[in-house]
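Enquirer: Turn this into a structure:
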Amino acid sequence: MIATPLLYILSAGLAASSPTAYPARDYLLALAPPDAMAVAALGDMDEIRAGIKKNAWLRFARDEEVAALVGHFEGLFGGELRPDWGQLDELGFDPSEFLASLSGSAVLFSDVPGGNPDDMVLGLLVELGEDREPFHELVEKLLDRSRAEGATVTGGEYQGASVTAVSPPDDDEGAAYLAELGDVIAVVASGDREAALARVRGVVDRWSGASEGGSLLSNETYQLARSRSSFDPQLEVFVDLSVFWKHLMASGELDQAPPMLAAELERIGWVRCAGRLGEGEETDLEVLLGAPEDGLFAAVASLLGGVPVDLVERIPRNAKGVITMSIDFAGAGALAKDLAREFDPESYQEMQAGLQLTQALGVDVEEDVLSELTGEFASFSIEVPAQESLLGAAGGVLRGLSGSSVAPTYGRVFMLGVRDTASVSATLERITGSVLSQDAGAEDHVESVFGHEVHAANLWEGLVSIRMYWSAIEGALLLSMQPTALREALRMTTDDGIGIGENGVFASVIEENRRASALAITDTAASLGVLLDTLRSLSSGIKLASALTGKPIDEMLPIGPDTPWPDISVVDRYFGGVSFKAFEWSDGAMRLHIASR
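Expert: Coordinates of the predicted model:
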């Protein structure tokens, strides 16, 4: 086994290293091999710990009320919410203890010589930092275990660096090597002794300047992935997928996949994940995929656009949530038909049958709908009276049973960019007319709001009424289930309308993500408040259902009247900004960014 000697030898050079300088994470990356298959880089741990203490999300998680909720669920699930490090006992240490011992930065890299995963080489580069004692104590602990297992340790020198070799017992072919590089400890291990030796020598050569082969920082693929990021991460993971796909293809795992799909997947060259926890609400998580610039992926990317500015300008300043998307609907429909026709003829026939059915209702989806849509979409949520929402009204009753704070009720408006407002309006009237004609009790009401016709269609009439409101304005079709929300959208067509551009934090996120094909922004405190309010209402509903039915429903579910839900006022103590998710596909990369500001 290599894991134990790999960590055992970390102690070999601690006494000889002097804390004169503390290299940045990039210095460690400059020691990693240029053809590494995977790399995980961790920033300065002392700086990370200092920032974490000021992060609003972690402070929220440690709040007394939230901690009580977490403890409640841990009790229900037997502590399963906590990480189970027991599966890693063979390492001889608790991984969280290893992280706690770090003071500086660290880089972990892996390589697969010859493309055979069984010959994987693992390397660990550790910046010792100023506070070395915890790391030293951990190594001493591992040292005792390694001695007990009979590891053979020999010392030597290479390019002016002290190198220690550790061989496991029983003549195992594997080995681990330690190199002392000033304030950096480099460890390389593999089941192939020669491969491990070659890699540790490569690290030392790059440190001494004897190497002419470059490093990970000179790897064009890694630099491309890094250049697509929007922030400097505290943690990043990079994987060159070329070796992965070769192994997957050779193993036969993709034999059942359509040939074109398998070929397209194989062309996804790399993946990079990055994250950081900053002060206050500053939090980022990003996933990037290297996508080919031609083929199917490129065809899909060509259908996507950026933030629909014209629609965003119609969103009122007091919106609590915004969603935007841009896609060529007509082009997407044509691409879907072409793919279905070629790879799934049965699905293609079903698609055609569905289109013919809509034509029987007097609507040609392709001609009357898709061709009239610009592909731009936006929606926003805004506070409305509780009686305008079925969930809001029902939740108000249930919340009254719990006596907790009540979150506001929000309505949503959907906005579709259209080319010909009159044509789309006529089409929608035909659609609602067809639906309403099947229900003798349903009617279509029309009224004027700020000079625009607002149609109110009763889609369902009974104990509970469901009504849809819509209005066609210049360049856009507006739809909502709440009249107050739609009225606020129409107010934006008047001089009294104040747009989302006047809302500083929303406006800055929109500007930051102008190229995003899909963007969702929400007021963090409002969204968390609604979530807590909804869960508390559900708990009260379960209690009421148990009382009415005489069945212990509340004992059969993980939530109930005894669940210690925090009061929604707790979120206001920590949050005053927004959270967002942005998806962008451009310049040969797919990017998903989840963050809060």
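Enquirer: Now tell me what touches stretch 445-456 from outside.
Expert: Stretch 445-456 has contacts (C-beta atoms under 8 Å, 6 or more residues apart in numbering) with 428-429, 432, 444, 457-458, 467-473, 483, 486-487, 490-491, 493-494. Bear in mind the C-beta positions are built from the backbone N, C-alpha and C, glycine included.
Enquirer: I'd like to know which of these are buried.
Expert: 428-429, 432, 457-458, 467-473, 483, 486-487, 490-491, 493 (16 or more other C-beta atoms under 10 Å).
Enquirer: State the distance from the closest residue to Asp63 other than its chain neighbours to Glu281.
Expert: Of all residues not flanking Asp63 in the chain, Val570 sits nearest, at 5.9 Å (C-beta to C-beta, 6 or more residues apart in numbering). Using C-beta to C-beta, to the nearest Å, Val570 is found at 15 Å from Glu281.
Enquirer: With Leu490 instead?
Expert: Distance of Leu490 to Glu281, given as C-beta to C-beta: 33 Å.
Enquirer: for Ile510, same thing?
Expert: For Ile510 relative to Glu281 (C-beta to C-beta), the value is 17 Å.
Enquirer: re the thing from before, help me confirm that the residue nearest to Asp63 is found in a helix?
Expert: Yes: judged by DSSP: H, G, I helix; E, B strand; the rest coil, Val570 forms part of a helix.
Enquirer: Now do the closest residue to Leu373 other than its chain neighbours, the pLDDT please.
Expert: Leaving aside its chain neighbours, Leu373 sits nearest to Phe329 (5.0 Å; criterion: C-beta to C-beta, 6+ apart). We have a pLDDT of 78 for Phe329.
Enquirer: Show me the shaky parts of the stretch 151-300 of the chain.
Expert: Within the stretch 151-300 of the chain, the stretches with pLDDT under 70 are 171-172, 247-262.
Enquirer: how about the helices in it?
Expert: For the stretch 151-300 of the chain, helices defined by DSSP state H, counting those that start in this stretch occupy the ranges 193-208, 220-227, 241-251, 259-266, 295-301.
Enquirer: for the first one, packing partners?
Expert: Using 3 or more C-beta pairs under 8 Å, 6 or more residues apart in numbering; DSSP states H and E as the contact criterion, the elements in contact with helix 193-208 are strand 121-127, strand 161-167, strand 175-181, strand 184-190.
Enquirer: Report the contact partners of Ile594.
Expert: Asp284, Leu285, Glu286, Ser579, Phe580, Lys581.
Enquirer: Now the buried members of those residues.
Expert: The buried subset of these - by 16+ other C-beta under 10 Å - is Asp284, Leu285, Glu286, Ser579, Phe580, Lys581.
Enquirer: give me every residue that touches Ile327.
Expert: Leu303, Leu304, Gly305, Gly375, Phe377, Ser517.
Enquirer: what's the closest of those to Glu264?
Expert: Nearest to Glu264 out of those is Leu303 (C-beta to C-beta; 15.6 Å).
Enquirer: got a list of what the nearest residue to that closest one once chain neighbours are set aside touches?
Expert: Closest residue to Leu303 apart from its sequence neighbours, by C-beta to C-beta, 6+ apart: Asp328 at 4.4 Å. Applying C-beta under 8 Å, 6+ apart, we find Asp328 in contact with Ser302, Leu303, Leu304, Gly305, Gly375.
Enquirer: Restricted to buried residues, select those residues in PyMOL.
Expert: Restricted to buried positions by 16+ other C-beta under 10 Å, the PyMOL selection for the contacts of Asp328 reads:
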select buried, resi 303+304+305+375
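Enquirer: So which of the contacts of Asp328 sits lowest on pLDDT?
Expert: Ser302 (84).
Enquirer: shouldn't Thr493 be in contact with Ile473?
Expert: Yes: in this structure, Thr493 is within contact of Ile473 by C-beta atoms under 8 Å, at 6.1 Å.
Enquirer: related to what we said a few turns ago, strands - which of the contacts of stretch 445-456 land there?
Expert: Those of the contacts of stretch 445-456 mapping onto strands are Asp444, Ala457, Asn458, Arg467, Met468, Tyr469, Trp470, Ser471, Ala472, Ile473, per DSSP state E.
Enquirer: any residues touching stretch 474-489, and which ones?
Expert: With contacts defined as C-beta under 8 Å, 6+ apart, stretch 474-489 is touched by 310-311, 314-316, 318, 374, 380-382, 384-385, 388-389, 411-418, 421, 424-425, 428, 449-450, 454, 456, 466-472, 490.
Enquirer: So which of the residues you listed sit within strands?
Expert: Checked against DSSP E, those include these in strands: 374, 380-382, 384, 411-418, 449, 454, 456, 466-472.
Enquirer: Separate out the buried members of those residues.
Expert: 374, 380-382, 384, 411-418, 449, 454, 467-472.
Enquirer: if we can go back for a sec, and the residue nearest to Leu373, how far from Ala301?
Expert: Phe329 is 16 Å from Ala301, where distance means C-beta to C-beta.
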